[in-house]
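K.L.:
sequence and predicted model, in that order:
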Amino acid sequence: MKKALYILKAALYMLVIVSFLIGCGGGGDGTHLKKWTIIMYWDGDDVNIQSDLIDAFQEMVNASVGSTEQVNVVIQFDRYPGNPAYGGWPITHRFFLTPGMEPIEANAIPDWGDGQGGREVDMSDPNTLRDFITWAVKNYPAEQYALIVADHGFGWQGLVIDNTNYQRTMSLKQFRQAIEESQVHFDLLGLDACTMQMIEVAHELRNSSIDILVGSEDVGTTWPFAEILQAIMQNPGMSAEEIGRTVVDLYNSIHPQEKDITLSVMKLFNVEALTTSMKELSFTILTDAPLQVVQEKAKVVMEMISNAVVYVKNCPDWESARGVSVYFPVAGPVMTIPPELQYFYKSQIVSFAGEALWHDVLTSCYLGNPPSNIPMILHVRNNMKTFDDDKVDLYDFCNRIVNYSTSLP
């Protein structure tokens, strides 16, 4: 009898342990993990960007969008002195967005985990971005994570400029550093910043544990965050790619008349093959390979772009653009290399420049005795429209090489 009682107690004890362990699954506090945490890094430390982001926040307030039982939304919002909206606070605050919540200081997170809340920070410092990511993930865990960065963008030259901290800009390598040091896997990275959907950017981030990249080839305007969040709240089971496609559709739909609207969705897993194909194209250009060989390599680049860019939608003026651009300044007189190309477009700043041999191709355009393929490349380039003066759509560029005829003047 005692033995049977002992066995029964042991069984009950094990049942309690199993129940406890099951209850501690999910968020670590007895609750299940939410589907998504949307981490929004808003750098409004600029007069114009601040105004755009305040308008975007007001739209979210008006639409009563915010965190739900399935989705967390956290925002770090840095501001610039002089705008009176929401009390005119000029520093940086963090918010856990709830439906209808206004970004006033009383609604800000009072403690960032170090005993104090809002303060002035340098948003262009990669440590600032890393710290916000790790804080957000620790306090608002989820099954999947999206990071959305909103500010000025400068393509391969970086993004996020902080005007109250020496006007510094976060370089691509610093941006990659922040993401990698956070040790967070991002299912989606959205760059609401001008001209960031470049092969140089995608190449820099290709091994940084990011699945989907959403960005624009051209200059642009603030994303419709209220509509984007509404879509996610209504269907939190969406995949990262589905969210990316939704962002592209919504962005285009609310700007039907604008001429600088481009947005695309890229799979970073496929960028390595794209870079390899670009390196092979560069090599054939530099080594005086026959035109047919160059054209075959350009076809491969086009195929790799189609594999990497899974969705693109642009305004009518950019129908030929296929979702990823490349740096290519207009060539001037021989030996007058643009300072950006000569001093900054190098592997130390942007890895793609050296690893794809693209820096060598571009500088060859300024040689007194360039490789024989360079006149053809320049003819193609000089007949193309550009994004922000010095970037061209990579698919369109390669397509023009493929269709180039030696009979052209």
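P.N.:
Cool, got the structure.

K.L.:
excluding covalently adjacent residues, which one is nearest to the residue nearest the centre of the chain?
P.N.:
In the chain, the C-alpha nearest the mean C-alpha coordinate belongs to Leu191, at 3.4 Å (C-alpha atoms, centre = their mean). Leaving aside its chain neighbours, Leu191 sits nearest to Gly215 (4.1 Å; criterion: C-beta to C-beta, 6 or more residues apart in numbering). Heads up, the C-betas are built off the backbone N, CA and C, glycines and all.

K.L.:
kindly report the same for Thr221.
P.N.:
The shortest distance from Thr221 to any non-neighbouring residue, by C-beta to C-beta, 6+ apart, is to His255 (6.7 Å).

K.L.:
quick one: pLDDT of the residue nearest to Leu191?
P.N.:
pLDDT, Gly215: 98.

K.L.:
check the one 10 residues further on too.
P.N.:
Predicted confidence (pLDDT) at Phe225: the value is 98.

K.L.:
ok, it - contacts?
P.N.:
Taking C-beta atoms under 8 Å, 6 or more residues apart in numbering, we find Phe225 in contact with Met40, Ala56, Glu59, Met60.

K.L.:
try it again with 7 Å
P.N.:
Listed by C-beta atoms under 7 Å, 6 or more residues apart in numbering, the contact set of Phe225 reads Ala56, Glu59, Met60.

K.L.:
which one of those is nearest Lys346?
P.N.:
Of all the contacts of Phe225, Ala56 has the smallest distance to Lys346: 35.9 Å, by C-beta to C-beta.

K.L.:
packing partners of the strand or helix carrying that closest one?
P.N.:
Element membership of Ala56 [criterion: DSSP states H and E] is helix 47-63. For helix 47-63, the elements it packs on are helix 225-234, judged by 3 or more C-beta pairs under 7 Å, 6 or more residues apart in numbering; DSSP states H and E.

K.L.:
right, and the helix or strand after the helix it packs on?
P.N.:
Proceeding N to C from helix 225-234, the next assigned helix or strand is helix 240-253, under DSSP H and E.

K.L.:
what's the angle between that next one and helix 225-234?
P.N.:
If you take axes from the mean of the first three to the mean of the last three C-alpha atoms, to 10 degrees, helix 240-253 sits at 150 degrees to helix 225-234.

K.L.:
who's in contact with helix 240-253?
P.N.:
Applying C-beta under 7 Å, 6+ apart, the contact partners of helix 240-253 are 144, 146, 187-188, 190, 211-212, 214, 223-224, 227-228, 231-232, 261, 263-265, 310-311, 313.

K.L.:
which element follows that helix toward the C-terminus?
P.N.:
Of the helices and strands lying after helix 240-253 in sequence (DSSP H and E), the nearest is strand 262-267.

K.L.:
in stretch 164-179, which residues are buried?
P.N.:
164-165, 168-172, 174-179 (16 or more other C-beta atoms under 10 Å).

K.L.:
that older thread, show me what contacts the residue nearest to Leu191?
P.N.:
By C-beta under 7 Å, 6+ apart, the contact list for Gly215 reads Leu191, Met196, Gln197.

K.L.:
what are the boundaries of the strands in the chain?
P.N.:
34-43, 71-78, 92-96, 142-150, 159-162, 168-170, 186-192, 210-215, 262-267, 309-314, 325-327, 391-393 (DSSP state E).

K.L.:
perfect, I'm done here.
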